[in-house]
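Peer 1: Sequence and predicted structure are below.
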Amino acid sequence: MSAAAAEDQSASSGFLGWIERVGNKVPHPAIIFLGLIVGVIVLSAVLAWADVSVTTEVAEPESTTVSQEYEGGTTNPSLEHDPEVAVPDYELKTETIEAKSLLSGDGIRYIFTTAVQNFNDFGVVAVILVAMIGVGVAEEAGLIAALIRKMVQVAPAKAITFIIVLLGGISSVASDAGYLVLIPLGAAAFASLGRHPLAGIAAAYAGVSAAFFVNILITPADGIITEVTNEIMGGVAPQADQLNVTHNFYFSIVSTIFVAFVMTILTERFVEPRLGTWDPAERPADAPVDHVPSGDELAHESRGLRLSLIYLLVAVAIITALTAIPGAPLRNPDTGEIFGNSPFMSSLLFIISMLFLAAGLGYGKGAGSLTGSTNVINAIVKTFNGLGGLIFLMLLIAQFIAFFNYSNISAIAATQLADLLGRADIGALPLLVGFILLVFVIDIIMPGVIPKWAIIAPIFIPLFYNLGIAPQTVIAAYRVGDGPANVITPLMVYLPFIILVCQRYRARAGMGTVVAMMIPYTVVVLVTWILFFIAWYLLAIPLGPGSPVHLT
């Protein structure tokens with residue numbers, strides 16, 4: 001048997017081969033959610049038939065009922081207002097939660113009459129469309145790729161690994177750019193320095209994917225996860241303050257830098273030495289040469305970056321004027337605050353999208369990649385076309401969450417699990433660590449950030465909330481569990497492309513090559529990041545502005 005055949009056979013056997021075979025049988029996420037919707041409908045009928053219910057105590061703020069006189073002498077005692085005291089008193093009320101069948105008359109009417117409204121009320125779709133306007137134009141104009149190229153070029157040779165890993169983490173704001181641009185650049189940068197190009201691929205891939213759901217910037221995924229969480233919290237604790245996109249901002253920034261250091265040390269101390277010295281003879285004769293802009297392209301790129309900076313500064317100046325000046329419209333009109341409960345914070349995702357749009361327009365005009373308003377609109381339309389599958393998935397997710405909440409399955413399950421875990425008395429922190437490991441395992445067969453959260457959140461947000469754990473803390477734990485398995489799962493959509501890039505430098509490279517190279521990142525990042533999360537939790541450092549670790 002040839003060496004290539006032996007390598008192919010080893011890549012398809014053993015544990016990794018089993019993961020690949022099982023992963024290939026997992027259906028499309030849309031089919032999974034259709035199955036989950038059918039499962040919720042059937043399960044709701046079974047639980048309602050069995051008269052399943054739970055009785056629990058709920059803390060509710062006391063309110064004062066007032067009467068209002070109407071013309072004709074009638075009285076309507078239905079207007080309520082909060083007590084005049086600064087902090088209202090709470091009283092415990094006993095509440096019985098019963099399973100509601102979706103196959104009953106009321107349930108069937110609910111399914112048919114709310115399908116459109118469920119989707120209409122699902123704010124995630126609007127968040128996606130608004131966020132991707134700016135990011136899509138910037139990416140289509142070539143700004144993201146140009147920034148990555150420029151930053152890699154000016155990076156000191158000794159810091160190139162850290163720069164590539166950190167850029168990978170930042171590039172998750174526009175994931176295609178990270179995978180499609182930074183990974184080939186990582187290989188080219190390492191090769192140009194006489195280092196093993198596969199180590200550059202590993203560092204870039206780890207940076208983009210192993211900590212995908214943290215960033216030093218607010219990303220569209222932050223907005224989507226926030227909206228999904230608020231949808232669920234509306235049924236769990238309507239009186240609780242809604243989360244905003246900065247609920248994990250501090251944790252996300254520090255995690256990005258921490259994980260980048262961990263992956264840099266791992267690359268230089270273990271992964272690269274294990275690969276050994278690269279022999280250019282391993283590269284196939286017909287391997288494509290990485291495109292490096294030169295001549296007129298570089299001149300256009302430089303002009304684009306200069307004009308992009310000018311457009312961005314103008315946009316920032318406008319936002320600053322609308323925010324910083326006393327009495328500005330983006331301040332809270334009552335308190336004058338900028339952060340916390342203010343129009344600025346409520347519109348932050350829109351502001352970020354508009355900043356990307358301004359920078360993208362400036363780059364497109366300077367580089368000549370976007371000429372005229374028609375090209376700009378076409379760039380936005382192209383971005384929206386690529387979201388068609390995701391929007392359909394959101395339609396199904398909206399129905400699943402609505403049906404799940406209507407049936408009271410989540411409330412019953414969360415109440416019973418909370419009682420069980422409360423009696424177990426193992427503490428909140430071990431539960432959070434177990435949750436991280438659960439997310440890690442699920443990520444192997446479902447790498448997507450949003451589909452996983454849509455399945456997990458309706459169960460665990462109420463469960464942890466009933467145990468006194470804030471939803472922003474649960475999301476922080478979710479971020480830790482979500483990333484490390486991305487670099488080894490065979491279901492990663494960019495895996496074929498990464499294998500192709502590896503084959504430019506090692507002819508016989510395959511999936512086994514990539515997975516074996518990335519397993520150390522999965523193990524080390526998972527362990528060190530869990531320890532980092534535990535330290536953050538024990539120190540009770542706020543996760544973001546106005547986002548404490550514990551419920552207050």
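Peer 2: Received, thanks.

Peer 1: do you know how far the nearest residue to Gln472 once chain neighbours are set aside is from Leu129?
Peer 2: Spatial nearest neighbour of Gln472, excluding adjacent residues (Cβ to Cβ, 6 or more residues apart in numbering): His247 at 4.1 Å. Every C-beta, even on glycine, is put in place using the N, C-alpha and C of the backbone. Look at His247 and Leu129: by Cβ to Cβ, to the nearest Å, they are 22 Å apart.

Peer 1: Which one's more surrounded, those two?
Peer 2: Applying other Cβ atoms under 10 Å to His247 and Leu129 shows that His247 carries more neighbours, namely 26 against 17.

Peer 1: Need the three-state assignment for the more buried one.
Peer 2: Counting by DSSP: H, G, I helix; E, B strand; the rest coil, the backbone at His247 sits in coil.

Peer 1: Just to check, it is in contact with Gly544?
Peer 2: Yes - His247 is within contact range of Gly544, at 4.8 Å (criterion: Cβ atoms under 8 Å).

Peer 1: List the residues that are in contact with both of the two.
Peer 2: The overlap between the contact sets of His247 and Gly544 (Cβ atoms under 8 Å, 6 or more residues apart in numbering) consists of Gln472.

Peer 1: residue closest to the middle of the chain?
Peer 2: Centroid check for the chain by Cα atoms, centre = their mean gives Ala221 as the closest residue, at 3.9 Å.

Peer 1: Could you report the neighbour count for the nearest residue to Met354 once chain neighbours are set aside?
Peer 2: Nearest residue to Met354 in three dimensions, chain neighbours excluded: Gly134, at 5.9 Å (Cβ to Cβ, 6+ apart). Here the number of neighbours of Gly134 (other Cβ under 10 Å) works out to 26.

Peer 1: for Glu95, same thing?
Peer 2: Glu95 has 13 neighbours, counted by other Cβ under 10 Å.

Peer 1: Then the one 3 residues further on?
Peer 2: Here the neighbour count serves as a burial measure; for Glu98 (other Cβ under 10 Å) it reads 14.

Peer 1: what's the answer for the one 4 residues further on, then?
Peer 2: Here the count is done by other Cβ under 10 Å, and Leu102 has 22 residues near it.

Peer 1: Am I right that it is in a strand?
Peer 2: No - assessed by three-state DSSP, Leu102 does not belong to a strand; its assignment is coil.

Peer 1: quick one on the thing from earlier: give me the nearest residue to the residue nearest to the centre of the chain, chain neighbours excluded.
Peer 2: In space, Ala221 is closest to Val449, 5.3 Å off (Cβ to Cβ, 6+ apart).

Peer 1: and Gly200, how far is that from Glu268?
Peer 2: 11 Å.

Peer 1: Can you check what pLDDT the model gives the residue nearest to the centre of the chain?
Peer 2: Per-residue pLDDT puts Ala221 at 81.

Peer 1: Which elements pack onto the helix or strand it falls within?
Peer 2: Per DSSP states H and E: Ala221 is located in helix 220-236. If you count contacts as 3 or more Cβ pairs under 8 Å, 6 or more residues apart in numbering; DSSP states H and E, helix 220-236 packs onto helix 124-141, helix 348-367, helix 388-407, helix 409-424, helix 449-466, helix 471-482.

Peer 1: Confidence-wise, which of the ones you listed is weakest overall?
Peer 2: helix 409-424 (a mean of 67).

Peer 1: what's near enough to touch the spatially closest residue to Gln242 that is not a sequence neighbour?
Peer 2: Closest residue to Gln242 in three dimensions, ignoring its sequence neighbours and counting by Cβ to Cβ, 6+ apart: Asn230, at 4.8 Å. If you count contacts by Cβ under 8 Å, 6+ apart, Asn230 has them with Gly123, Gln242, Leu243.
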